[in-house]
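Trainee: Here is the input, now give the coordinates:
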Amino acid sequence: MDENTITITKEALAEVVTKQVSDATKVIETKQGEILTKQTELETSMNEVKQKLITLPQEFANIQVKEDKTNAFGRYMRASLISKRDNITVEKVLEDWEAIQHNCTNAFITKNMNASILSQGGYWLREEYDAGIIPILSELSVVRKAVKNYVSLSPGGSRIFRVNTSGTTAYWVGETGKATKSELALGQVKMTAKKMKCEAVISNDLLRFADIRADAEVERDMAQAIATLEDVTFFTGKGTDHEPKGLLKWMLPANTKASTGIGANQVKPDLKGAMKRVHILKKFLSPNIWFFITPTFHYGIGGLIDTLYQTIDWARIYEETGKLFGANVGVSGNVPYRNVVFADMSDAVIGEALNMLMQFTPNGTYTDDNGDLVSGTETDESVIVLTQEVDYLHKYSSSISNITAATLGE
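Mentor: Residues are numbered from 1 along each chain as shown. Below is the predicted model:
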């Protein structure tokens, strides 16, 4: 037998194995116990947190911390008006609202509004609400919704645009032939900031409410006033020193045609004719082509039926897709009465000054829709006047046409 050979009995081997298994079992049981202890501690902590949340005051139940600037325009407006009325700072108004709301419902105030403190970078919110109101106006104004090109104008300033009055020409030539020269003729169009004022009447109760719903209401009311005035002017503005030139004034006079009737066999040729007049002069149409129609005309299209009393095909397609012969459609009461305007809006440009001027008259006097003077003191209302400088340009007068006497739906 080799001297390195170790002899062990079966009993001794069994004893060694049993001990090792026992030791391993004890380790496993110890770890399992530690895991169970940690799990129990975690569950206890979670239950404690749940209990604390349940016992929070009710006003904390719907906390929503907002990182965006929801209704920032309306909130800044309200804070500014209150500060002027009560002769206190905007910051004081915002701090008071924040205290009332226990830093919860409008938790975004701290992030958005306190940045207006001069020591923290100046009244940046002034610029924020100026920029923030543009998307709101675009939703309310059919012209703004159609315009894709915006430029900045300095307050009271101007900007010159070059437009093509005739284009270059391409020619087929032989192998050694030379291209015939043609020149690109350019004209100049000057955009000048025109001052626009709009007046809105706001309930003093609404100004006092420290609630985001009040912010939205102020925002909506002011935006509606601005959008309506702009929309009407962008259609019919005379283009004077004080008023932008609207679509119908930019249009070539020859591109206006009177409606031939209100039947399906007249309306379709009228609409297609408006498109055709622009297409022939422009040579091509961009994807951003629009019909602007009145609500009366809009509902009149749905009433066009064939001899079987079925809605005619193109009218049905319009009701389903919102488009007329591939063109987008803007429906608004701001469209001139009994007019249907067609335009390639890729040629449209809106120029805007960078700031709005806000004037606030607490309990001011204003004129109502009937032309009567109303005292804000008696009605507990205040008057806001916003001044904005803006201009409208349509680069090519050939890209607009119009149908007059369009009485469909009346």
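Trainee: what's the burial count for Phe235?
Mentor: 22 (other CB atoms under 10 Å). Heads up, the C-betas are built off the backbone N, CA and C, glycines and all.
Trainee: I'd guessed it sits against Pro336; true?
Mentor: Yes: here Phe235 reaches Pro336: they are 5.7 Å apart, a contact under CB atoms under 8 Å.
Trainee: who touches both of these two?
Mentor: Shared contacts of Phe235 and Pro336 (CB atoms under 8 Å, 6 or more residues apart in numbering): Leu248.
Trainee: In this structure, where's the longest strand?
Mentor: What stands out as the longest strand in the chain, according to DSSP state E, is strand 381-394.
Trainee: so after that one, what's the next helix or strand?
Mentor: Next in sequence after strand 381-394, counting helices and strands by DSSP states H and E, comes strand 400-404.
Trainee: Next, the buried residues of stretch 345-359.
Mentor: The neighbour-count check on stretch 345-359 (16 or more other CB atoms under 10 Å) flags 345-353, 356, 358 as buried.
Trainee: Identify the farthest-apart pair in those residues.
Mentor: Greatest spacing in the buried residues of stretch 345-359, by CB to CB: Ser346 and Met358 (33.5 Å).
Trainee: now Gly157: how far from Thr25?
Mentor: 88 Å (CB to CB, to the nearest Å).
Trainee: out of those two, which sits in the more crowded spot?
Mentor: Gly157 (13 against 10).
Trainee: in terms of contact, does that one touch Lys190 like I think?
Mentor: No: counting by CB under 8 Å, Gly157 does not reach Lys190; the two are 10.7 Å apart.
Trainee: for Gln39, helix, strand, or coil?
Mentor: With DSSP: H, G, I helix; E, B strand; the rest coil as the basis, Gln39 sits in helix.
Trainee: ok, which stretches of the stretch 101-250 of the chain are strands?
Mentor: 149-152, 158-166, 185-192, 194-203 (DSSP state E, counting those that start in this stretch).
Trainee: any idea which of those strands is most buried?
Mentor: Neighbour counts (mean count of other CB atoms under 10 Å) averaged over each of the strands of the stretch 101-250 of the chain peak at strand 194-203, with a mean of 18.
Trainee: can you give me how far it is from the chain middle?
Mentor: 20 Å (CA atoms, centre = their mean, to the nearest Å).
Trainee: hmm, who's touching it?
Mentor: Contacts for strand 194-203 (CB under 8 Å, 6+ apart): 81, 218, 221-222, 225-226, 228-230, 233, 241-244, 366, 376, 380-391.
Trainee: What separation do you get for Tyr337 and Thr407?
Mentor: Taken as CB to CB, the span from Tyr337 to Thr407 is 10 Å.
Trainee: More neighbours: those two, which one.
Mentor: Thr407 (13 against 10).
Trainee: list the contacts for that one?
Mentor: Thr407 touches 259, 262, 338, counting by CB under 8 Å, 6+ apart.
Trainee: So which of these is the closest to Leu271?
Mentor: Among these, and counting by CB to CB, the member closest to Leu271 is Ser259, at 9.8 Å.
Trainee: my read: the closest one touches Ala405, true?
Mentor: Yes: contact criterion CB under 8 Å: Ser259 and Ala405 qualify, at 4.7 Å.
Trainee: low-scoring stretches of the stretch 51-200 of the chain, by residue?
Mentor: Within the stretch 51-200 of the chain, the ranges that satisfy pLDDT under 70 run 51-73, 98-135, 155-156, 162-187.
Trainee: ok, 50 please
Mentor: In the predicted model, the stretch 51-200 of the chain carries pLDDT under 50 at residues 59-68, 102-129, 166-167, 184-185.
Trainee: Just the element for the residue nearest to Glu219 when sequence neighbours are not counted, please.
Mentor: Closest residue in space to Glu219, ignoring its immediate chain neighbours: Gly74 at 3.0 Å, by CB to CB, 6 or more residues apart in numbering. Taking DSSP H and E as the criterion, Gly74 maps to helix 72-86.
Trainee: Alpha carbons only: can I get that helix in PDB?
Mentor: C-alpha atoms of helix 72-86 as PDB (Å, rounded to 0.1, in the frame of the first residue of the first chain):
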ATOM      1  CA  ALA A  72     -48.500  81.300 -17.800                       C
ATOM      2  CA  PHE A  73     -49.900  84.100 -19.900                       C
ATOM      3  CA  GLY A  74     -53.200  84.300 -18.000                       C
ATOM      4  CA  ARG A  75     -51.500  84.000 -14.600                       C
ATOM      5  CA  TYR A  76     -49.000  86.700 -15.400                       C
ATOM      6  CA  MET A  77     -51.800  88.900 -16.600                       C
ATOM      7  CA  ARG A  78     -53.800  88.400 -13.400                       C
ATOM      8  CA  ALA A  79     -50.800  89.000 -11.200                       C
ATOM      9  CA  SER A  80     -49.900  92.200 -13.100                       C
ATOM     10  CA  LEU A  81     -53.500  93.600 -13.000                       C
ATOM     11  CA  ILE A  82     -53.800  92.900  -9.300                       C
ATOM     12  CA  SER A  83     -50.500  94.500  -8.600                       C
ATOM     13  CA  LYS A  84     -51.500  97.700 -10.400                       C
ATOM     14  CA  ARG A  85     -54.900  97.800  -8.800                       C
ATOM     15  CA  ASP A  86     -53.600  97.300  -5.300                       C
END
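Trainee: hmm, back to that, show me the one of the strands of the stretch 101-250 of the chain that comes nearest Ser398.
Mentor: Across the strands of the stretch 101-250 of the chain, closest to Ser398 is strand 158-166 (CB to CB), at 10.7 Å.
Trainee: Between the two ends of stretch 282-300, what distance do you get?
Mentor: 30 Å (CA to CA, to the nearest Å).
Trainee: for that stretch, which positions count as buried?
Mentor: Of the residues in stretch 282-300, those buried (16+ other CB under 10 Å) are 285, 288-294, 296-298, 300.
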